[in-house]
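Novice: with the sequence up front, the predicted model follows.
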Number of protein chains: 2
Amino acid sequence: MFEQSLAQTAELVEGRLSEILSGHDRVARGAPERLLAAMRHGTLGGGKRLRPFLLIESARIFGIQDDAVLDIACALEAIHCYSLVHDDLPAMDDDDLRRGRPTVHKAYDDATAILAGDSLLTLAFGLVAGASKIPPEARVRIAALLSADAGAGGMAGGQALDLAAEQSALSEDEIARMQAMKTGALIAFACEGGAIAAAASSEDQRRLRRFGEIIGLAFQLADDLLDETADAAQLGKAAGKDRARGKKTLPALKGIEWTRNRLAALVAEAESELAPFGDKATVLLEAARFIASRDR
Amino acid sequence: MFEQSLAQTAELVEGRLSEILSGHDRVARGAPERLLAAMRHGTLGGGKRLRPFLLIESARIFGIQDDAVLDIACALEAIHCYSLVHDDLPAMDDDDLRRGRPTVHKAYDDATAILAGDSLLTLAFGLVAGASKIPPEARVRIAALLSADAGAGGMAGGQALDLAAEQSALSEDEIARMQAMKTGALIAFACEGGAIAAAASSEDQRRLRRFGEIIGLAFQLADDLLDETADAAQLGKAAGKDRARGKKTLPALKGIEWTRNRLAALVAEAESELAPFGDKATVLLEAARFIASRDR
């Protein structure tokens, strides 16, 4: 039931991203075909589309139709995908494989991967700005929030801290800060952004932000746990890489049992944040459980 | 007189960018210090700030105060600077020197330069979204336009075409298209964006767009002419590089006299676009002349 709902939204997002990146849509008109192809390579044909799903579901709580926030959801996915394209570069994590396919710089070249990432990031804000079914006041708030959560004080800053961690081991607190920025910020944005788009009350916006932060923590813990326990075939990418690089993760520091208990506690916290929304938040709660227990 | 006016705006922009990149400002709060330092390195301490100047002067025609559009002007400069940081990378133009100083990847490292560029680009849209003295309706239009002009169909796409030109020589038309995207789009954005921020009529917005496109052409021609005729000390960067790489430019194809005549014709065109604004556009017209005749 939940996985079906996730798959349906993924199809919706895939379709719209495919349309946007065809080059016929306003937001990428006139783009060179090879650059567009690299952007498609880095964006289409895979991914659970979890972040767009969370954004769409957060807006749904307040009765907003999917199509009103679809371009904002696609913007969020474009940002997530740009970050993967750049993180995979030789100068960064140097990965050859992503979702079981060559990474963008392997399929094209480093320069094209840099420009494709830049272009996806730039496109994202065009999508937010042009989301005509959302009032301009909400669109500028969403763009400002996305900028904060994706930029130097959010995702990009978290990646910088993560790279620095290869030089000197981080403390538990530093790992938590890095992960809250690198992974948590965009997930928290998804939930808060959906609420802003829906013109929810400030209290409900804050509540969804906290929910997003909690499941962001759970997402990263589950990811690190997979890196410890899964193999490459399960992940579609190299496994055990963090360990091999000497990067400390919480599961590595605290053990697998501790991590499983912590994940259960986070799901309980997430549940209590959603309680005031009653049945309307059932799908989001299932998303929290899915995130905490996923095995790929 | 004109150069004084340009220098005054440059100081204003430098001051605000410095404040933004201190990390205390809302838009970059919580950023890791080393990443912020790299962003400052790529942004502060140099540059004529021509694009912000054009934006501020375009808004001024319609009676808008500098401080109302300052953050949008800084956003534009942040995008220009991010593009330089990424273009200088070894995988792109591989430049060690910029404005007489080491490029960001030389002063820091490639990964930090990639992330600093990403962060500046992300920050730019946060600045536009948060420009509270401009109505939200205008801010979303400006953000959408900036996304189009900076992205795959604009500046980033132009850079992709420029890199492709190292493999196979471009025709005159292809060179013109590449330069209109790579350099022209942001300059045209500056002029149109100022008019949108000032809620100018659609006709005046289109007029300033055309003016921007004309001076964008002049800017690139003057730049290519400098690459042919100036030395590194004048430029603060390597000279004759395009030639050495086998990149064709219009001055290289058509000669120096042709280029000087073409520049004069573009200034005349620019002048006729500005005629309806009368004295209010004096500074912009001086900017057009400055751009066509600059020697560094």
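Specialist: All right, it came through fine.

Novice: who's in contact with A:Lys280?
Specialist: By CB atoms under 8 Å, 6 or more residues apart in numbering or on different chains, the residues touching A:Lys280 are A:60-61. C-betas here are computed from N, CA, C, even on glycine.

Novice: A helix includes it, no?
Specialist: Yes. Counting by DSSP: H, G, I helix; E, B strand; the rest coil, A:Lys280 falls inside a helix.

Novice: and the gap between it and chain B?
Specialist: 28 Å (CB to the nearest CB, to the nearest Å).

Novice: before we move on, what about A:Val27?
Specialist: 7 Å.

Novice: surely that residue meets B:Ala150?
Specialist: No. A:Val27 is beyond contact range of B:Ala150, at 11.7 Å (criterion: CB atoms under 8 Å).

Novice: who's more crowded, those two?
Specialist: B:Ala150 (31 against 26; other CB atoms under 10 Å in any protein chain shown).

Novice: for that one, give me its contacts.
Specialist: A:122, B:79, B:83, B:121, B:124, B:156, B:185-186, B:189.

Novice: let's see it at 10 Å
Specialist: A:118-119, A:121-123, A:125-126, B:75-76, B:79-80, B:82-83, B:121, B:124-125, B:156-157, B:185-186, B:189 (CB atoms under 10 Å, 6 or more residues apart in numbering or on different chains).

Novice: what pLDDT does it get?
Specialist: Looking at B:Ala150, its pLDDT reads 98.

Novice: next up, phi/psi of it, please.
Specialist: phi -90, psi -20 (degrees, to the nearest 10).

Novice: any idea whether the spatially closest residue to A:Ala169 that is not a sequence neighbour is helix, strand or coil?
Specialist: Closest residue to A:Ala169 apart from its sequence neighbours, by CB to CB, 6 or more residues apart in numbering or on different chains: A:Lys248 at 5.5 Å. In three-state terms, and counting by three-state DSSP, A:Lys248 is coil.

Novice: enumerate every residue touching A:Lys248.
Specialist: A:165, A:169-172, A:174-175, A:224, A:242.

Novice: lowest-pLDDT helix or strand in chain A?
Specialist: The helix or strand with the lowest mean pLDDT-type score in chain A, counting by mean pLDDT, DSSP states H and E, is helix A:232-235 (a mean of 54).

Novice: can you give me the neighbour number for A:Cys74?
Specialist: 29.

Novice: can you give me the strands in chain A?
Specialist: A:97-98, A:101-102 (DSSP state E).

Novice: near chain B, which residues of the stretch 151-296 of chain A are found?
Specialist: A:151-161, A:163-164, A:166, A:177-178, A:180-181, A:185 (CB under 10 Å from any CB of the partner chain).

Novice: out of these, which are buried?
Specialist: Among those, those classed as buried by 16 or more other CB atoms under 10 Å in any protein chain shown are A:151-161, A:163-164, A:177-178, A:180-181, A:185.

Novice: mind checking which of those residues are in helices?
Specialist: Within these, residues falling in helices by DSSP state H are A:155-161, A:163-164, A:177-178, A:185.

Novice: mind putting the residues you listed in CSV, distance to A:Leu50 included?
Specialist: As requested, these are exported to CSV (distance: CB to CB, whole Å):
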residue, distance to A:Leu50
A:Met155, 15
A:Ala156, 20
A:Gly157, 21
A:Gly158, 17
A:Gln159, 19
A:Ala160, 23
A:Leu161, 23
A:Leu163, 24
A:Ala164, 27
A:Arg177, 22
A:Met178, 20
A:Ala185, 14
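
Novice: could you export the residues you listed as JSON lines, including pLDDT?
Specialist: Formatted as JSON lines, those follow (pLDDT from 0 to 100):
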{"residue": "A:Met155", "pLDDT": "98"}
{"residue": "A:Ala156", "pLDDT": "98"}
{"residue": "A:Gly157", "pLDDT": "98"}
{"residue": "A:Gly158", "pLDDT": "97"}
{"residue": "A:Gln159", "pLDDT": "96"}
{"residue": "A:Ala160", "pLDDT": "96"}
{"residue": "A:Leu161", "pLDDT": "95"}
{"residue": "A:Leu163", "pLDDT": "91"}
{"residue": "A:Ala164", "pLDDT": "90"}
{"residue": "A:Arg177", "pLDDT": "93"}
{"residue": "A:Met178", "pLDDT": "94"}
{"residue": "A:Ala185", "pLDDT": "98"}
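
Novice: quick check: pLDDT value at A:Arg296.
Specialist: So A:Arg296 comes in at 62 (pLDDT).

Novice: what's the answer for A:Ala239, then?
Specialist: If you check A:Ala239, the pLDDT there is 54.

Novice: so where's the stretch 151-296 of chain A shaky on pLDDT?
Specialist: A:231-247, A:296 (pLDDT under 70).

Novice: in it, which spans are helices?
Specialist: A:155-164, A:172-179, A:185-197, A:202-229, A:232-235, A:241-244, A:250-254, A:256-274, A:282-293 (DSSP state H, counting those that start in this stretch).

Novice: cool, the stretch 1-150 of chain A as well?
Specialist: A:2-20, A:33-41, A:50-60, A:66-87, A:104-107, A:110-129, A:136-150.

Novice: out of those helices, which is the most enclosed?
Specialist: Comparing the helices of the stretch 1-150 of chain A by mean neighbour count (mean count of other CB atoms under 10 Å in any protein chain shown), helix A:110-129 ranks first with a mean of 29.

Novice: tilt between that one and helix B:66-87?
Specialist: Orientation check (axes from the mean of the first three to the mean of the last three CA atoms, to 10 degrees): helix A:110-129 against helix B:66-87 gives 150 degrees.

Novice: now helix A:110-129: how far from the chain's centre is it?
Specialist: 15 Å (CA atoms, centre = their mean, to the nearest Å).

Novice: hmm, back to that, any residues in contact with both of A:Val27 and B:Ala150?
Specialist: Between them, A:Val27 and B:Ala150 share the contacting residues A:122-123, A:125-126, judged by CB under 10 Å, 6+ apart.

Novice: for the nearest residue to A:Glu77 once chain neighbours are set aside, what are its contacts?
Specialist: Distance criterion CB to CB, 6+ apart; nearest residue to A:Glu77, sequence neighbours excluded, is A:Pro52 at 4.9 Å. A:Pro52 makes contact with A:9-10, A:12-14, A:16-17, A:66, A:69-70, A:72-78, A:80, A:190, A:194, according to CB under 10 Å, 6+ apart.

Novice: next one: A:Pro136
Specialist: Applying CB under 10 Å, 6+ apart, the residues contacting A:Pro136 are A:129, B:135-141.

Novice: for the residues you listed, give me CSV that also has pLDDT.
Specialist: Converted to CSV, these look like this (pLDDT from 0 to 100):
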residue, pLDDT
A:Ala129, 98
B:Pro135, 98
B:Pro136, 98
B:Glu137, 98
B:Ala138, 98
B:Arg139, 98
B:Val140, 98
B:Arg141, 98
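
Novice: between these, which is closest to B:Ala200?
Specialist: B:Ala138 (10.1 Å; CB to CB).
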